[in-house]
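Engineer: need coordinates for the below:
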Amino acid sequence: MTSRISGFYRLAPSERLAAVAEQASLGKEEMDQIKDGLSLDAADKMVENVIGIMQVPLGVATNFVIDGREILIPMATEEPSVIAAASNGAKMAREAGGFVTTSTGPVMRAQIQVTGVQDPYSARQMVLSHKDDLMAMANEKDPMLVKFGGGVKDIEVDNRWPGVSAHYLQSGRPASGQGQSGLQGRGDRGA
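Structural biologist: Numbering: from 1, shown residues only. This next block holds a predicted model:
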């Protein structure tokens with residue numbers, strides 16, 4: 001497969017779809033789904049309270065090489081220059097070998113802000129001096145997440161404004177409550 005399709009933007013939409021189908025080994029059913037879109041019945045099974053479908057053009061950004069792999073990037077947008085700009089940027093990056101990715105792992109942030117603090121620097125030091133206790137309290141809220149290797153791993157404190165922000169860095173693990181980082185950040189309001 002190659003994501004470098006010369007003159008792609010000059011092709012008619014049906015020709016573009018055929019070119020993508022050839023490069024990505026798409027079958028007729030997959031091509032029909034792309035071309036015809038989503039039915040109201042299918043949408044109703046995907047999200048709550050469906051009342052309709054908002055149609056946005058689906059295009060493909062070309063020229064992407066990511067971690068050594070040729071990739072065509074589907075993009076749904078009503079803005080005419082977004083896909084062209086992405087394709088052009090990818091073409092420039094391609095000449096230098098493309099894009100290389102790294103990951104820090106599944107880390108989420110929950111932020112707690114305290115305003116109206118008289119001495120933000122002392123407040124920051126107080127939070128940091130109780131960091132282990134605060135992390136333990138947060139992790140007690142979701143023992144299953146901790147059991148699977150997740151939970152709060154660190155706390156960063158920012159006081160560059162008239163207050164203090166504590167950032168709880170939480171490691172999520174697959175099928176162990178990843179969607180709950182917002183709940184951990186809430187904690188007991190009286191604590």
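Engineer: what about residue 151, how many residues close to it?
Structural biologist: 25 (other CB atoms under 10 Å). Using the backbone N, CA and C atoms, a C-beta is placed for each residue, glycine as well.
Engineer: who's in contact with the nearest residue to it once chain neighbours are set aside?
Structural biologist: Distances taken as CB to CB, 6 or more residues apart in numbering put residue 139 closest to residue 151, at 4.4 Å, once the chain neighbours are dropped. Counting by CB atoms under 8 Å, 6 or more residues apart in numbering, residue 139 touches 145, 146, 151, 152.
Engineer: make it 7 Å
Structural biologist: 146, 151, 152 (CB atoms under 7 Å, 6 or more residues apart in numbering).
Engineer: repeat that for residue 37.
Structural biologist: The neighbourhood of residue 37, defined by CB under 7 Å, 6+ apart, consists of residue 55.
Engineer: give me the pLDDT for it.
Structural biologist: Among the per-residue scores, residue 37 shows a pLDDT of 82.
Engineer: residue ranges with poor pLDDT in the chain?
Structural biologist: Where the chain drops to pLDDT under 70, the residues are 173-191.
Engineer: ok, back up a step: for residue 69, state which of the contacts of residue 139 is nearest.
Structural biologist: Ranked by distance to residue 69 (CB to CB), the contacts of residue 139 are led by residue 151 at 33.1 Å.
Engineer: isn't the closest one right up against residue 169?
Structural biologist: No - counting by CB atoms under 7 Å, residue 151 stays clear of residue 169, with 10.1 Å between them.
Engineer: residue boundaries of the strands in this protein?
Structural biologist: Using DSSP state E, the strands of the chain run over 58-66, 69-76, 107-115, 151-158, 163-171.
Engineer: where does residue 119 fall, phi/psi-wise?
Structural biologist: phi -130, psi 90 (degrees, to the nearest 10).
Engineer: just give the number of residues close to it.
Structural biologist: 11.
Engineer: next: residue 168.
Structural biologist: Applying other CB under 10 Å, I find that residue 168 has 23 neighbouring residues.
Engineer: with adjacent residues omitted, what lies nearest to it?
Structural biologist: Nearest non-adjacent residue to residue 168 (CB to CB, 6+ apart): residue 110, at 4.4 Å.
Engineer: how much space separates the one you found from residue 141?
Structural biologist: As defined by CB to CB, to the nearest Å, residue 110 lies at a distance of 11 Å from residue 141.
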